[in-house]
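In: Provided below are the primary sequence and the corresponding predicted coordinates.
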Amino acid sequence: MSPPVSIAVVIPCFRVRRHILGVIRQIGPEVAAIYVVDDCCPEESGRHVSQECTDPRVKVVFHSVNQGVGGAVMSGYQSAIADGHDILVKVDGDGQMDPGLLPTFVSPLIAGEADYAKGNRFYHLDEIHNMPAIRLFGNAVLSFMSKLSTGYWSIFDPTNGYTAIHARVASHLPTEKISKRYFFETDMLFRLNTLRAIVVDVPMDAVYGDEESNLKITKILPEFLGKHLRNTFKRIFYNYYLRDMSVASLQLPAGIVLMGFGVVYGILHWVQSSAANVPSPAGTVMLAALPVLAGLHLLLAFIASDVANQPQRPIHKLLHLRSRKPLPHAQEL
């Protein structure tokens, strides 16, 4: 008979004083511990919880220096792992995430079907109208970029912060390398892909109340684009040239070279023909077009191989739990 699974909730807190106690009250009895991480909150959310909350499951972790949502979540993870919990659920403290969905998030992990579960606000099409237009557009763009950089082609809504992860998988994450700010959720997916972890989407509704989001889509898109490109190159190099090699490892460089040659050759001869006011010969046109078509075919074949190369087996049963050093500037009350 398998031992019972111990579930812990991690709540990063920054400017959520008005909502945090209500969020804690909604967390059900299936949760063994609640870690409230005060990320140097100017509203002293953590102190407010320690003084007003009587729930014996609650532990407050204080940061003396603001580390961002990623740093706060990692501190909560490490505290929960050190206390021996099996599944770690991250819920925001602003009331946007329904704690009643927690059993749905942890069920794929308990059943051994996944290593990480995350929310997807785009699953129910009739609920999408609740999302502001700018967030709808921004999340669609970010989701496409995330597919390229993380390798999880079946995952959508990458910035969704409602997540559940198995403690064994969390203990193997390179916490010192994961982005500490708003890129945290997407960077987590990239790191999980390097571990070959199984990630699943959990349908949820978009909820927006009187809280004010710190995430401004128009400001973070340029920053996210650069980080997505960096992670895309790193993932491809690691998966197709460092850890393993396959036909896809040849398709990508061959496709890039052929397309590059065709485009450059075609542009040069088009400029020469335009300057001389002479039509380009059919052979020249074909010599430019054929490499472009062949290169495009190889690149599409590489993408098809990458889509098929998603992780297929949960890894948490194969990993041994290992302790990690606590993050700096963290104290537990």
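Out: Great, that's in hand.
In: counting contacts, what elements does the longest helix belonging to the chain pack onto?
Out: Scanning the chain for the helix with the most residues, using DSSP state H, yields helix 247-276. Contacting helix 247-276 under the criterion 3 or more CB pairs under 8 Å, 6 or more residues apart in numbering; DSSP states H and E are the following elements: helix 282-308. Using the backbone N, CA and C atoms, a C-beta is placed for each residue, glycine as well.
In: Would you mark the buried spots in the helix it packs on?
Out: Neighbour-count burial for helix 282-308 flags 284, 287-288, 291-292, 294-295, 298-299, 301-303, 305-306 (criterion: 16 or more other CB atoms under 10 Å).
In: can you give me the strands in the stretch 101-250 of the chain?
Out: With DSSP state E, counting those that start in this stretch, the ranges of strands along the stretch 101-250 of the chain come out as 116-120, 163-166, 199-203.
In: hey, which of these is tucked in deepest?
Out: Most buried of the strands of the stretch 101-250 of the chain, by mean neighbour count (mean count of other CB atoms under 10 Å): strand 163-166, with a mean of 26.
In: Give me the contact list for it.
Out: Strand 163-166 is contacted from outside by 77, 86-90, 102, 105-106, 109, 115-119, 185, 188, 316, using CB atoms under 8 Å, 6 or more residues apart in numbering.
In: try 7 Å
Out: The set of residues external to strand 163-166 that reach it, using CB atoms under 7 Å, 6 or more residues apart in numbering, is 86-90, 105-106, 109, 115-118, 316.
In: which two from those end up farthest apart in space?
Out: Asp86 and Lys118 (18.0 Å; CB to CB).
In: Now do the contacts for Asn231.
Out: Contacts for Asn231 were tallied using CB under 7 Å, 6+ apart; they are Ser149, Phe190.
In: What number of residues are in the vicinity of Met245?
Out: For Met245, the count of nearby residues is 11 (other CB atoms under 10 Å).
In: Check pLDDT for the buried residues of helix 282-308 and point me to the minimum.
Out: Lowest pLDDT among those: Thr284, with 89.
In: Would you map the helices across this structure?
Out: Counting by DSSP H, the chain has helices at residues 17-25, 45-52, 68-82, 102-110, 133-150, 167-170, 184-195, 217-237, 247-276, 282-308.
In: Work out which residue lies at the spatial centre of the protein.
Out: Geometric centre of the chain, nearest residue: Thr186, 2.6 Å, by CA atoms, centre = their mean.
In: Find the nearest non-adjacent residue to that residue, please.
Out: Pro158 (4.7 Å; CB to CB, 6 or more residues apart in numbering).
In: do you know how far the residue nearest to the centre of the chain is from Cys41?
Out: Distance, Thr186 to Cys41, by CB to CB, to the nearest Å: 24 Å.
In: these two touch, right, Ala170 and Ile87?
Out: No: applying CB atoms under 7 Å, one finds Ala170 not in contact with Ile87, separated by 9.3 Å.
In: Poorly predicted segments of the stretch 1-150 of the chain, please.
Out: By pLDDT under 70, the low-scoring segments of the stretch 1-150 of the chain are 1-2, 126-132, 134-135.
In: The same query, at a cut-off of 50, please.
Out: 1 (pLDDT under 50).
In: ok, how many other residues are close to the residue nearest to Tyr238 when sequence neighbours are not counted?
Out: Nearest residue to Tyr238 in three dimensions, chain neighbours excluded: Thr194, at 6.2 Å (CB to CB, 6+ apart). By other CB under 10 Å, 18 other residues sit near Thr194.
In: going forward, begin numbering at 121 instead of 1
Out: Fine by me, first position is 121 from now on; the one you just mentioned is Thr314.
In: Can you tell me which of the strands of the stretch 221-370 of the chain is nearest to Lys267?
Out: Within the strands of the stretch 221-370 of the chain, the stretch nearest Lys267 is strand 319-323; the backing value is 11.9 Å (CB to CB).
In: Next, the angle from that closest one to strand 236-240.
Out: Calculated by axes from the mean of the first three to the mean of the last three CA atoms, to 10 degrees, strand 319-323 forms an angle of 40 degrees with strand 236-240.
In: packing partners for strand 319-323?
Out: Judged by 3 or more CB pairs under 7 Å, 6 or more residues apart in numbering; DSSP states H and E, strand 319-323 is in contact with helix 222-230, strand 236-240.
In: Indicate which one of the ones you listed is closest to Leu341.
Out: strand 236-240 (20.2 Å).
In: relative to helix 253-270, how tilted is that closest one?
Out: With the same axes, to 10 degrees applied, the angle from strand 236-240 to helix 253-270 works out at 150 degrees.
In: Quick check: Lys210 vs Tyr155, distance?
Out: For Lys210, the distance to Tyr155 equals 10 Å [CB to CB].
In: residues shared between the contacts of these two?
Out: Here Lys210 and Tyr155 have Val130 as joint contacts, going by CB under 7 Å, 6+ apart.
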